[in-house]
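S.K.: Sharing a sequence plus its predicted fold:
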Amino acid sequence: AQTVTQSQPEMSVQEAETVTLSCTYDTSESDYYLFWYKQPPSRQMILVIRQEAYKQQNATENRFSVNFQKAAKSFSLKISDSQLGDAAMYFCAYTRTSYGKLTFGQGTILTVHP
Amino acid sequence: GAGVSQSPSNKVTEKGKDVELRCDPISGHTALYWYRQSLGQGLEFLIYFQGNSAPDKSGLPSDRFSAERTGGSVSTLTIQRTQQEDSAVYLCASSPGTRLAGNTIYFGEGSWLTVV
């Protein structure tokens, strides 16, 4: 069974600084998708960034970027120029299916200090 | 609507009662998903709908759980004879297409179920 591990239950960062959230996963597949989702107190899961395993280039979305290390099965999220609105629970997710059957990690609570 | 809509937002029910949770996906979205988020188990996949059929319902935890989707739109998740371990947030999500390539999955705000 595929597993996703987020080893940091909580992280904190100063506003405008950079923070990196860690994620590792276990799979024997070569083709799969990886995601980072953000869940604010409203409970709505919001897609931050996604990565297709066949793409060697790391995905970026504005202030958010990933470090995808396929051989190491690592998928970390870097948030640059942190903003107060970035405070939320962040989930790493994996799927090998062609649809949205996602396996989530346990989450990392990110606190942003002004 | 503009987003995935779920109702009720919060529900408190007595152990042994049946509950129905409703999901209105984004208009035109073909794929619909139910997930469960609990303190003990984290986020778990429950079921996937492609149109009105459910090709993957492998995550439903027991036969007390069932779901249907009608008209390729609204979906209802039913939990019969609720137990305390059913207490969780039930999240619905939808996607324009059934394939992940080129499609984003949009989540609702969930229905928070408490079984007392």
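M.R.: On my side now, so go ahead. Numbering: from 1, shown residues only, chains lettered A, B, ... in the order given.
S.K.: Could you give the bridge partners of residue A:90?
M.R.: With DSSP bridges as the criterion, the beta-bridge partners of residue A:90 are residue A:38, residue A:108.
S.K.: gap between it and residue A:27?
M.R.: In this view, residue A:90 and residue A:27 are 20 Å apart by Cβ to Cβ, to the nearest Å. Bear in mind the C-beta positions are built from the backbone N, C-alpha and C, glycine included.
S.K.: More neighbours: those two, which one.
M.R.: Set side by side, residue A:90 and residue A:27 show unequal neighbour counts under other Cβ atoms under 10 Å in any protein chain shown, the larger going to residue A:90 at 23 against 18.
S.K.: So that one sits against residue A:45, correct?
M.R.: No - at 10.3 Å, residue A:90 does not count as touching residue A:45 under the criterion of Cβ atoms under 8 Å.
S.K.: Between the two, which contacts overlap?
M.R.: Here residue A:90 and residue A:45 share the contacting residues A:37, A:38, A:39, scored by Cβ atoms under 8 Å, 6 or more residues apart in numbering or on different chains.
S.K.: Could you point out the helix or strand that follows the lowest-mean-pLDDT helix or strand in chain A?
M.R.: Using mean pLDDT, DSSP states H and E, strand A:60-61 stands out as the lowest-scoring helix or strand of chain A, at a mean of 92. Reading on from strand A:60-61 to the C-terminus, the next helix or strand found by DSSP states H and E is strand A:64-69.
S.K.: helices or strands up against the helix or strand just after that next one?
M.R.: Sequence-wise, the next helix or strand beyond strand A:64-69 is strand A:74-79, with elements assigned using DSSP H and E. Judged by 3 or more Cβ pairs under 8 Å, 6 or more residues apart in numbering or on different chains; DSSP states H and E, strand A:74-79 is in contact with strand A:19-21, strand A:24-26, strand A:33-39, strand A:46-52, strand A:64-69, strand A:88-95.
S.K.: Just put these in CSV and tack on mean pLDDT and distance to residue A:13.
M.R.: Compiled in CSV, the helices and strands packed on strand A:74-79 are given as follows (pLDDT from 0 to 100; distance: least, Cβ to Cβ, whole Å):
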stretch, mean pLDDT, distance to residue A:13
strand A:19-21, 98, 4
strand A:24-26, 97, 21
strand A:33-39, 95, 14
strand A:46-52, 94, 15
strand A:64-69, 97, 13
strand A:88-95, 96, 12
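S.K.: Report the beta-bridge partner residues of residue B:5.
M.R.: Residues in a beta bridge with residue B:5, per DSSP bridges, are residue B:24.
S.K.: Fine by me, thanks again.
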